[in-house]
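[1] I'd like to go over a predicted model; first the sequence, then the structure.
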Amino acid sequence: MRLLVLICLLFGVLGSLETKNKLVECEVCREVFREAQKWALDPNIWEYPIDIAVEICKKFEGYTIPVCLGAIKENVLIVTGSIARHYLDPEWACSMLEFCDSPKYVKENFTEWQDNILQSKPSAPAPTPSGQGTYKFGHISDLHIDIYYQEGTNNNCGLPVCCRSWNGPGNSGYWGDLQCDLPVRTLEVTLDQMSQIDLDFLIVTGDIPAHDVWNQSLSYNLNYQQVVADLFEKYFPTTPIYYMFGNHGPFPVNNLDPRNSSVFIDPFTQIWSNWLDAQAIETLKSTWTYSMVHPGTNLKMVAINTQACNNDNFFLLENATDPMGQIQWLAKELAAAEQSGQVVYLFSHIPIESGDCLDDWAAHVNALVDRYSNTIAGQFYGHTHKDQWSITRGVKSLTPLSVQWAAPSVTTYQGMNPSFRVYEADTVTKLVTDIHQYRLNLTAANENPSVTPTFELAYSFLDYYGLPDLQPQTLLDFANTWMANETRSLQYLDAYYGVPGAQTSCDQNCRLVLVCDRIWGTNALQSICTGTPEYGLINGLYIALFGPWVYKQ
């Protein structure tokens with residue numbers, strides 16, 4: 001309170017000066033904000049608010065004090081620190097208040113940037129499958145193994161993660177439980193069965209640790225990375241693996257600091273070094289991204305890192321403008337691929353269309369996918385734990401250009417049967433021509449715990465939906481038929497949840513949301529399609545807190 005009074009008095013005095021000295025004004029303003037920032041960065045002042053937040057968590061979320069305290073303490077100082085370093089930054093605040101003439105902070109002109117990107121787009125027609133043969137590659141995501149999983153324990157213990165020995169006795173199965181994370185042995189079955197398929201390579205789109213986020217540490221999460229890396233080396237000793245970690249990789253969950261990411265990135269690259277070349281390791285450390293050309297082909301694997309758009313990465317509250325320069329890096333990578341006649345697979349953890357990805361960042365990627373749509377042959381994501389896809393469309397033409405494929409999870413968490421995916425792709429154009437989705441019937445597997453279970457082919461995309469191909473226009477036309485066809489919508493939802501019959505009806509509004517989510521490639525465009533406010537309460541709050549992209553001059 002005293003600090004607030006001081007600020008008000010000082011600005012009142014400054015405002016009443018008949019003859020203003022800009023240099024004095026500027027320095028006084030900066031000194032005030034230096035003190036304010038120092039005060040806000042003091043962790044001791046947040047002890048009482050943390051106690052209140054813990055009580056609210058306990059009362060309304062129903063979790064125990066250790067769960068609430070762990071989750072809140074991990075994030076509060078990141079949030080308050082990032083906001084203080086942004087909004088109480090002396091240079092930024094005093095420039096915004098016009099007490100200082102420099103530096104200047106200029107809001108990005110996104111329309112101008114987008115137009116500059118799109119103006120060089122070639123007019124050549126979009127590639128189509130050549131029909132000269134296919135190859136196969138695998139895709140798994142959201143493994144979320146639990147190294148402490150134990151069968152015969154309580155699966156409803158009142159915590160976010162159960163099925164552990166200290167949760168008491170219960171009915172959790174040998175091969176897993178639909179309310180818990182995955183036993184390591186079930187992941188081994190998954191990888192073993194995948195290894196028996198003739199796959200050219202694997203894409204792994206992140207999230208390895210369990211969901212016990214209140215009880216984690218950096219070393220804890222890195223240990224999970226090591227456990228899984230060892231398993232991949234066991235089952236795929238010679239198969240190229242292209243991996244990008246997800247929001248559960250770093251500690252605390254969701255939070256990766258652009259100012260100090262080496263504490264996670266350096267050991268991460270060491271753990272996965274068997275599948276990363278020297279340039280990829282260097283790029284991961286400098287931009288959180290990497291690219292590698294798949295051996296013996298013109299296929300470039302381009303990994304972007306959606307921690308740069310994750311709206312729960314509270315470090316971005318300090319500066320959400322192109323974190324780590326990823327957008328600039330991606331534009332250069334795509335331009336180089338086009339010039340070299342390479343084809344690109346773009347992959348990461350959070351789908352660009354997801355509401356978990358900040359709109360400004362998603363819009364930039366969307367524009368780059370439009371510009372290089374003839375170079376990008378596929379987009380691959382995870383994160384949602386669901387079997388889903390959406391279409392990236394031309395920014396101005398609205399033409400369907402690319403498909404964002406999101407693979408369902410391997411973990412059983414939140415009621416999913418374990419799944420992995422195999423893509424068929426055209427040998428020449430590298431376009432995806434079919435998808436074979438494999439799924440484990442967990443209930444049946446647990447009825448025979450002594451028998452190693454088998455992942456059955458749940459469906460092949462073309463046969464399941466009766467489609468001639470997987471071209472973006474074909475999928476757009478198909479999704480549009482759902483508005484008048486509840487049966488088609490429910491067929492999609494069976495695949496989406498991975499548990500047939502999980503949803504038994506889908507009314508007009510339900511179908512509208514399904515269609516809009518499939519035919520538009522960003523959350524903002526989906527909101528317009530459904531007729532809901534473009535920025536709802538939560539999204540509006542995120543936009544206000546993270547702010548627009550601004551460049552310091």
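    Thanks, I have the structure now.
[2] from here on, contacts and neighbour counts on C-alpha atoms
    Will do.
[3] any idea how the chain splits into domains?
    Listed by automatic domain parsing, the domain ranges of the chain are 2-103, 116-120+134-146+181-546.
[4] out of those, which is the most enclosed?
    For those, the largest average neighbour count (mean count of other CA atoms under 10 Å) is found in domain 116-120+134-146+181-546, namely a mean of 19.
[5] before we move on, back to that, for residue 109, find the nearest of the domains of the chain.
    Residue 109 lies closest to domain 116-120+134-146+181-546 among the domains of the chain, at 10.9 Å (CA to CA).
[6] could you pull out the strands for the protein?
    Using DSSP state E, the strands of the chain run over 105-107, 134-140, 202-204, 241-243, 290-293, 299-303, 343-347, 376-381, 388-393, 400-406, 419-426, 432-439, 456-460, 550-552.
[7] export those strands to TSV and tack on mean pLDDT and distance to residue 68?
    Formatted as TSV, the strands of the chain follow (pLDDT from 0 to 100; distance: least, CA to CA, whole Å):
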stretch	mean pLDDT	distance to residue 68
strand 105-107	95	38
strand 134-140	98	31
strand 202-204	98	31
strand 241-243	98	32
strand 290-293	98	36
strand 299-303	98	34
strand 343-347	98	33
strand 376-381	98	30
strand 388-393	97	32
strand 400-406	98	31
strand 419-426	98	31
strand 432-439	98	34
strand 456-460	97	39
strand 550-552	94	35
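[8] quick one: closest of those to residue 310.
    With CA to CA as the measure, strand 376-381 is the member of those nearest residue 310 (13.6 Å).
[9] mean pLDDT lowest where, among the domains of the chain?
    When the domains of the chain are ranked by mean pLDDT, domain 2-103 comes last with a mean of 81.
[10] thinking again about what came up before, who wins for proximity to residue 473 among the strands of the chain?
    The nearest among the strands of the chain, by CA to CA, is strand 400-406 at 5.6 Å.
[11] any idea of the angle the closest one forms with strand 432-439?
    With axes from the mean of the first three to the mean of the last three CA atoms, to 10 degrees defining the directions, strand 400-406 sits at 20 degrees from strand 432-439.
[12] check which helices and strands strand 400-406 sits against.
    Strand 400-406 is packed against strand 376-381, strand 388-393, helix 472-480, with contacts defined by 3 or more CA pairs under 8 Å, 6 or more residues apart in numbering; DSSP states H and E.
[13] want to throw those into CSV with distance to residue 191?
    As requested, the helices and strands packed on strand 400-406 are exported to CSV (distance: least, CA to CA, whole Å):
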stretch, distance to residue 191
strand 376-381, 19
strand 388-393, 22
helix 472-480, 30
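[14] residue 127: which of the ones you listed is closest?
    Ranking the helices and strands packed on strand 400-406 by proximity to residue 127 (CA to CA) places strand 376-381 first, at 8.6 Å.
[15] counting contacts, what elements does that closest one pack onto?
    strand 343-347, strand 400-406.
[16] who's in contact with stretch 357-365?
    Identification of contacts with stretch 357-365 by CA atoms under 8 Å, 6 or more residues apart in numbering yields 114, 306, 308-311, 322, 327, 350-353, 522-524, 548-549.
[17] who touches residue 75 in this structure?
    Listed by CA under 8 Å, 6+ apart, the contact set of residue 75 reads 252, 314.
[18] pull up the gap between it and residue 213, please.
    11 Å (CA to CA, to the nearest Å).
[19] give the residues shared as contacts by those two.
    With CA under 8 Å, 6+ apart, residue 75 and residue 213 have common neighbours residue 252.
[20] if we can go back for a sec, nearest to residue 511, out of the helices and strands packed on strand 400-406?
    That would be helix 472-480 among these, by CA to CA, at 9.6 Å.
[21] helices or strands up against the closest one?
    For helix 472-480, the elements it packs on are strand 388-393, strand 400-406, helix 508-519, judged by 3+ CA pairs under 8 Å, 6+ apart.
[22] hang on, the earlier thing: same list (the helices and strands packed on strand 376-381) but as TSV, adding distance to residue 444.
    Shown next, in TSV, are those (distance: least, CA to CA, whole Å):
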stretch	distance to residue 444
strand 343-347	33
strand 400-406	26
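[23] what about residue 174, neighbour count?
    Around residue 174 there are 20 other residues, counting by other CA atoms under 10 Å.
[24] how far away is it from residue 447?
    From residue 174 to residue 447 the distance is 9 Å (CA to CA).
[25] on that earlier part again, of all the helices and strands packed on strand 376-381, which one is nearest residue 430?
    strand 343-347 (7.2 Å).
[26] which one is the most centrally placed residue in the chain nearest to, not counting chain neighbours?
    Residue closest to the average C-alpha location in the chain (CA atoms, centre = their mean): residue 350, at 2.1 Å. Ranked by CA to CA, 6 or more residues apart in numbering and with sequence neighbours excluded, the top spatial neighbour of residue 350 is residue 383, at 5.3 Å.
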